[in-house]
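Trainee: here's my sequence, what's the structure:
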Amino acid sequence: DLVRAVIGAGGRLGVIVGVHCIAERAAARARLAFSFPDARKASRALIAMRGAGVRPFHSALAGEELYLTVEAEGPRRKAVSEVVNRIVGENDGHPASAQDQDFGSEAPTVDNQVILGRLAGELDPLGILQP
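Mentor: Predicted structure coming up:
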């Protein structure tokens with residue numbers, strides 16, 4: 001992957017003459033919290049979840065507590081929920097207070113033109129590639 005090298009080289013390795021970007025709406029997210037008998041089981045549960053293919057947007061361990069932020073809608077939600085619940089049960093965990101607090105609506109909405117403008121500014125700060 002040479003993308004970082006080309007961008008970071010400041011024109012010494014090559015010149016970027018075009019970029020194709022796709023911006024997608026951020027998925028709604030749900031915050032999950034689980035309590036375990038001890039920190040070791042909480043850590044094991046997180047490792048098992050990642051090993052089973054769960055890819056949280058955010059995860060944190062705080063002693064016996066495990067916090068996850070996962071996709072709250074879409075085709076993977078049911079599968080992720082089943083895997084998480086199975087692994088929590090296998091490690092003697094149970095839901096804690098922050099369970100299923102949907103905060104997808106808190107995500108800021110940004111116009112695609114703003115995103116593309118910022119990206120263009122970073123990739124071409126001198127405006128050389130502007131038509």
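
Trainee: please tell me how far the residue nearest the centre of the chain sits from A72.
Mentor: The residue lying closest to the centre of the chain (C-alpha atoms, centre = their mean) is F57, at 2.9 Å. Distance from F57 to A72, counting by C-beta to C-beta, to the nearest Å: 10 Å. To be clear about C-beta, it is placed using only N, CA and C from the backbone, and glycine gets the same treatment.

Trainee: what of I22?
Mentor: 22 Å.

Trainee: same check on A27?
Mentor: The separation that A27 has from A72, given C-beta to C-beta, amounts to 7 Å.

Trainee: out of these two, which sits in the busier spot?
Mentor: A72 (19 against 16; other C-beta atoms under 10 Å).

Trainee: chain neighbours aside, what residue packs nearest to that one?
Mentor: Residue nearest to A72 in three dimensions, not counting chain neighbours: A30, with 3.8 Å by C-beta to C-beta, 6 or more residues apart in numbering.

Trainee: A60 falls within a strand, correct?
Mentor: Yes - counting by DSSP: H, G, I helix; E, B strand; the rest coil, A60 is part of a strand.

Trainee: overlap in contacts, F57 and A72.
Mentor: Common neighbours of F57 and A72 (criterion: C-beta atoms under 8 Å, 6 or more residues apart in numbering): R29.

Trainee: got the buried residues for stretch 58-73?
Mentor: 59, 64-72 (16 or more other C-beta atoms under 10 Å).

Trainee: where does G14 land in three-state SS?
Mentor: coil.

Trainee: please tell me I have it right and it contacts I7.
Mentor: No - counting by C-beta atoms under 8 Å, G14 sits too far from I7 to count as a contact (9.6 Å).

Trainee: more neighbours: the two, which one.
Mentor: Between G14 and I7, counted using other C-beta under 10 Å, I7 has the larger neighbour count: 14 against 11.
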